[in-house]
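Visitor: pasting a predicted model and its sequence here:
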Amino acid sequence: MSASAEVLSLIPHRPPFLFVDEIVAHAGESLTAKRAWRAEESFYAGHYPGAPITPGVLLCEAVFQTGALLMAKLMAGAGGQGGVPLLTKVTDVRFRVPVYPGDTVTIEVKRKETMGDFHFMSGAMKSGGKRVLNVEFSVAWKKPESGGS
């Protein structure tokens, strides 16, 4: 499965650095998404050869991208078009079970609180009913400045 048109319309991420396939549900301050981890993805060749597992940093990135999807939906209704959520803080990451090539995960994010430009969120990932990870993070909704030189 590749990313749905809805996902592609909401966030700027694109393959090979897009780790959300589809939005499953959105209600108020929470959003649930899915991602199938495909065996042919290039990072598996080096993590780890002969016994591949999905890198934890990419699992976290999938949660953060799901958070970006939630923020895009919430901010579109608040006149926030043109901005993107920029990650500002990550805390309390807890990994419980590995994710292997071929696994499909469910990702849930919730916005817990907003203070000024900062949105505090929690995220969780499950695979086959087992908790993969929990993470707390915050984002600021900003219009990014050009990084080109």
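Guide: That came in fine, so what should we check first? Numbering: from 1, shown residues only.
Visitor: mind listing what's buried in the top helix by length along the chain?
Guide: When the chain is scanned for its longest helix (criterion: DSSP state H), the result is helix 56-76. For helix 56-76, the neighbour count (16 or more other Cβ atoms under 10 Å) marks 58-72, 74-75 as buried. (C-beta placed from N, C-alpha, C; glycine too.)
Visitor: now do that helix, average pLDDT.
Guide: Across helix 56-76, the average pLDDT comes to 95.
Visitor: so what touches the following helix or strand past that helix?
Guide: Using DSSP states H and E, the next helix or strand after helix 56-76 towards the C-terminus is strand 84-95. Residues outside strand 84-95 that contact it (Cβ atoms under 8 Å, 6 or more residues apart in numbering): 11-12, 56, 59-60, 64, 67-68, 71-72, 118-119, 132-144.
Visitor: what angle separates strand 84-95 from helix 56-76?
Guide: Between the axes of strand 84-95 and helix 56-76, defined by axes from the mean of the first three to the mean of the last three Cα atoms, to 10 degrees, the angle is 140 degrees.
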